[in-house]
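Student: A predicted structure for the sequence below; I have some questions about it.
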Amino acid sequence: MDKKNALRAGAVTAGSTLMMMLMTSPALALTRDDGDDPGPGLSVAETLGLFVAAPIVLFLVIAGLVMVGDKSRKQQPGQG
């Protein structure tokens, strides 16, 4: 891909991202709907734990299980 096509792709991506951001106004989220019953807010520690620490731990657990499964498959004699 030459520089002209890369510049065009970047401009299209930036333009479409900007248009999406302008079309989805966060001000619409301030209007309460009927039946809306929000609970208590999360603290900073709870937010970081839920959205940062929990996915990292989950990723590490899954990666560890995959690595253990891969090692046990390589150690079986007589295959190949």
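Tutor: Yes, it's here.

Student: wait, isn't Leu50 in contact with Ile56?
Tutor: No. With the criterion set as C-beta atoms under 8 Å, Leu50 and Ile56 do not qualify as a contacting pair; they are 11.5 Å apart. Where you see a C-beta, it was placed from the backbone N, CA and C, and this is true even at glycine.

Student: residues in contact with Phe51?
Tutor: Remark: with contacts taken as C-beta atoms under 8 Å, 6 or more residues apart in numbering, Phe51 is in contact with nothing.

Student: On the three-state scheme, it is what?
Tutor: Under DSSP: H, G, I helix; E, B strand; the rest coil, Phe51 falls in the helix class.

Student: Against Ala45, how distant is it?
Tutor: From Phe51 across to Ala45, the span is 11 Å (C-beta to C-beta, to the nearest Å).

Student: One more: Ala6?
Tutor: Using C-beta to C-beta, Ala6 is found at 43 Å from Ala45.

Student: next one: Leu22
Tutor: Counting by C-beta to C-beta, the gap from Leu22 to Ala45 is 34 Å.

Student: try Ala9
Tutor: Here the distance between Ala9 and Ala45 works out to 41 Å (C-beta to C-beta).

Student: Also Ser72?
Tutor: Distance of Ser72 to Ala45, given as C-beta to C-beta: 38 Å.
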